[in-house]
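**Q** sequence-free structure coming up:
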DNA sequence: TTCACATTTCTAAACGTTTAAGTTTGTTTG
DNA sequence: CAAACAAACTTAAACGTTTAGAAATGTGAA
């Protein structure tokens, strides 16, 4: 391993004390222009690169942001194959990098426990995306560092948050279906009881049905995982339910799986059954049919999360931010108008 | 901010010196069983979490692996929207996490220069995916830490590497097309001159054509970016070229864009034109047609990269590893047998 | 009991920074 | 010209670990 150039080497080269080097490096005032130049020259000449471990040790600043991403149930791999999360991550990384922060991605399921990692690494902030058990959030509170929750539906409104109005989005989606003549509306969703995004969207679905006095039929509700596989899997059941004229999949990835599965059993979209999704993930463009869906701005979600966490680090002001980003329906090709 | 529990606190609690605590924490021998238990009890009681910054400072070990991912040309966002990279990243993260390493993802385009970041953070290892300018690799050499290149086609075989035989993969793909009666074979590819994955796959394409004495026609080569948009874009040109019976897209993401574009101008796949891809990305399942493609094991690529970098960190043995993973053709629905 | 030696524990320096407090130097003012 | 003050710079402690090497303790043989 190469010998490291330290602040001492620079001090010797520039003929000043190490404190002065530190002041110059950190752009603090009280250093004469002339001295600063001498120091800068020495830094350049020796190619001095400060050691962030040392800095972190004394100043408790690491320039590291933890990003918590949901994990698959089976093997606890991060859900990075799910386009929603990779799009989100990309946005977060991009906006954090601009301000010289790096991110450490991870699930909550590490042997130590997440809080330990935060403390170990002196993380400056945390961005959490998705739902987790209450104890997890309790732990985060203890860490007492700037934290932004994204789509977490944490009962405790202690943290900053950015999210969308999932319930409303699902409501307008369902309403749109009803207004297009559909009455037998299925829903494919994740676990409803958990009180997260899936539950909220389910509630929005019910809101719309109630508003139009359409009964909520239990066998029209298909509950499982929010992933492509479940979409495919559920298609078989749906194909048996002849009354259904449309299905609301609470996430695009589900909708895509569903359509794939439906087609494979000879059902045409939207002629035989209509499908509407939620999220407007980038990758759904791949699909041959334009997916009608509720659009949310995933990039902006990541950007906001990054901005808030950084702001919260720099400013002492503890004004909590709870941002709700807008949603809108995007009409493409997978929902057919139905004439009664 | 909370007061940190340090090794001193534990030492006081357990009634031993801080050195002993350190030995216990790091599982070094020479500590009596009895003492170790006393220490463990104290650690648990106080909830002691070692400070990795401090550890890194003295031991030069950070448990941090840098992962370099290509960036988009325009705005330098990481290419995480490209499913190949997110799949790869997921695999790397999963395998690194098992051994208690965290990763810091980044592009090469950070104001400091990548090497600076490596030094700043005392990174233990680096995984690079994709092609970069020679100077970048020269820089990495200077860093002198375990490094694994993935799909980098670095002329200098100084580093560990994991890749596939891209040329051969493209060769068997093209050969498969020829054997199915195709003679006018288009290719949609990235920049050919750069000498990376795109070039290699282009070479494999030429290899097969040569073997069967089929002339290489310049206007059958469509060069652009390796992304979904270019696939769509190029469809128009391809649709004008009436002789083409099949197109080899050197990446699935291109193939998917291409098919989408082709369909939008009324061309049916595979009836009018066949398409073959490369990579077998997970997300292509979404597509309604099964994409015939050259399969590589992206998960294993990430796994191997992670394993090699960790092995290289732990063992002093400097035996260089250059791993080439197998490829195989996966026949699905997008290539039609052509009867002459 | 004493000595030699092995085992366990401790002391203290080192890692590379930041920063409060102190010192020096320079400038202004009565 | 000295006093007062501001500006620029330095000293030294602190951050929380690891790890040689020293010290203490324990064990067994003569």
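**A** Structure received. No experiment lies behind these values; they were computed from the predicted model shown.
**Q** Where does the prediction get shaky in the stretch 1-150 of chain A?
**A** Residue ranges of the stretch 1-150 of chain A with pLDDT under 70: A:1.
**Q** So which residues of it form helices?
**A** All helices of the stretch 1-150 of chain A, identified by DSSP state H, counting those that start in this stretch, fall at A:7-14, A:18-25, A:33-46, A:52-59, A:83-98, A:114-120, A:134-143.
**Q** now the fourth one against helix B:52-59, angle please.
**A** What separates the directions of helix A:52-59 and helix B:52-59 is an angle of 130 degrees, with axes from the mean of the first three to the mean of the last three C-alpha atoms, to 10 degrees.
**Q** same question, the third one
**A** Relative orientation of helix A:33-46 with respect to helix B:52-59: 60 degrees, computed using the same axes, to 10 degrees.
**Q** Name the residues that touch helix A:33-46?
**A** Residues from elsewhere that reach helix A:33-46 (C-beta atoms under 8 Å, 6 or more residues apart in numbering or on different chains): A:5, A:9-10, A:13-16, A:20-21, A:24-25, A:31, A:48. Using the backbone N, CA and C atoms, a C-beta is placed for each residue, glycine as well.
**Q** re the thing from before, most tightly packed of the helices of the stretch 1-150 of chain A?
**A** helix A:83-98 (a mean of 24; mean count of other C-beta atoms under 10 Å in any protein chain shown).
**Q** Check the stretch 51-200 of chain A for the residue nearest DNA strand D and tell me.
**A** Of all residues in the stretch 51-200 of chain A, the one sitting closest to DNA strand D is residue A:58 (3.4 Å; C-beta to the nearest atom of the strand).
**Q** quick one on the thing from earlier: which two of the contacts of helix A:33-46 lie the greatest distance from each other?
**A** Largest separation among these by C-beta to C-beta: A:5 and A:31, giving 20.3 Å.
**Q** coming back round to it: need the helices of the stretch 1-150 of chain A in TSV with distance to residue B:124, can you?
**A** Converted to TSV, the helices of the stretch 1-150 of chain A look like this (distance: least, C-beta to C-beta, whole Å):
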stretch	distance to residue B:124
helix A:7-14	23
helix A:18-25	25
helix A:33-46	24
helix A:52-59	12
helix A:83-98	21
helix A:114-120	15
helix A:134-143	25
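**Q** Make JSON lines from those and add distance to DNA strand C to it.
**A** What follows is the helices of the stretch 1-150 of chain A, written out as JSON lines (distance: least, C-beta to the nearest atom of the strand, whole Å):
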{"stretch": "helix A:7-14", "distance to DNA strand C": "3"}
{"stretch": "helix A:18-25", "distance to DNA strand C": "3"}
{"stretch": "helix A:33-46", "distance to DNA strand C": "10"}
{"stretch": "helix A:52-59", "distance to DNA strand C": "3"}
{"stretch": "helix A:83-98", "distance to DNA strand C": "20"}
{"stretch": "helix A:114-120", "distance to DNA strand C": "16"}
{"stretch": "helix A:134-143", "distance to DNA strand C": "20"}
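**Q** Out of these, flag the one nearest residue B:96.
**A** helix A:114-120 (13.3 Å).
**Q** Quickly check: the closest one near chain B or not.
**A** Yes - using C-beta under 8 Å from any C-beta of the partner chain, helix A:114-120 reaches chain B at A:116-117, A:119-120.
**Q** One more: stretch A:292-312?
**A** No - legend: contact between stretch A:292-312 and chain B by C-beta under 8 Å from any C-beta is lacking; minimum distance shown is 9.1 Å.
**Q** Likewise for stretch A:153-172?
**A** No - applying C-beta under 8 Å from any C-beta, one finds stretch A:153-172 out of contact with chain B, separated by at least 15.7 Å.
**Q** What are the buried residues along that stretch?
**A** The neighbour-count check on stretch A:153-172 (16 or more other C-beta atoms under 10 Å in any protein chain shown) flags A:153-154, A:159-172 as buried.
**Q** Equivalent analysis for stretch A:262-274, please.
**A** So for stretch A:262-274, counting by 16+ other C-beta under 10 Å, buried means A:262-263, A:269-270, A:273-274.
**Q** ok, residues contacting that stretch?
**A** A:177, A:180, A:182, A:232, A:235-236, A:238-239, A:244-247, A:259, A:275, A:289, A:292, A:333-336, A:338, B:288.
**Q** and the residues you listed, which of them are in helices?
**A** Judged by DSSP state H, helices contain the following of the contacts of stretch A:262-274: A:177, A:232, A:235-236, A:238-239, A:259.
**Q** Chain B: which of the contacts of helix A:33-46 is nearest?
**A** Within those, the smallest distance to chain B is 9.0 Å, found for residue A:5 (C-beta to the nearest C-beta).
**Q** give me every residue that touches the closest one.
**A** So residue A:5 contacts A:46-49 (C-beta under 8 Å, 6+ apart).
**Q** Among the residues you listed, name the buried ones.
**A** Buried members of the contacts of residue A:5, counted by 16+ other C-beta under 10 Å: A:48-49.
**Q** Pick the one among the contacts of residue A:5 closest to chain B.
**A** The closest of these, once distances to chain B are taken by C-beta to the nearest C-beta, is residue A:49, at 4.6 Å.
**Q** Name the helix or strand for the nearest residue to residue A:221 once chain neighbours are set aside, please.
**A** The shortest distance from residue A:221 to any residue other than its chain neighbours is 5.5 Å, reached at residue A:187 (C-beta to C-beta, 6 or more residues apart in numbering or on different chains). Element membership for residue A:187 (DSSP states H and E) is strand A:185-189.
**Q** Now that strand: average pLDDT?
**A** Throughout strand A:185-189, pLDDT has a mean value of 97.
**Q** do stretch A:212-230 as well
**A** 95.
**Q** Please spell out which residues along that stretch are buried.
**A** Neighbour-count burial for stretch A:212-230, counted by 16+ other C-beta under 10 Å, picks out A:214, A:220, A:222, A:224-228, A:230.
**Q** Restricted to helices, list the residues you listed.
**A** Among those, the members found in helices (DSSP H) are A:228, A:230.
**Q** Please tell me how far the residue lying closest to residue A:17 once chain neighbours are set aside sits from residue A:53.
**A** Distances taken as C-beta to C-beta, 6+ apart place residue A:11 nearest to residue A:17, at 5.9 Å, with adjacent residues excluded. Noted for residue A:11: a distance of 19 Å to residue A:53, by C-beta to C-beta, to the nearest Å.
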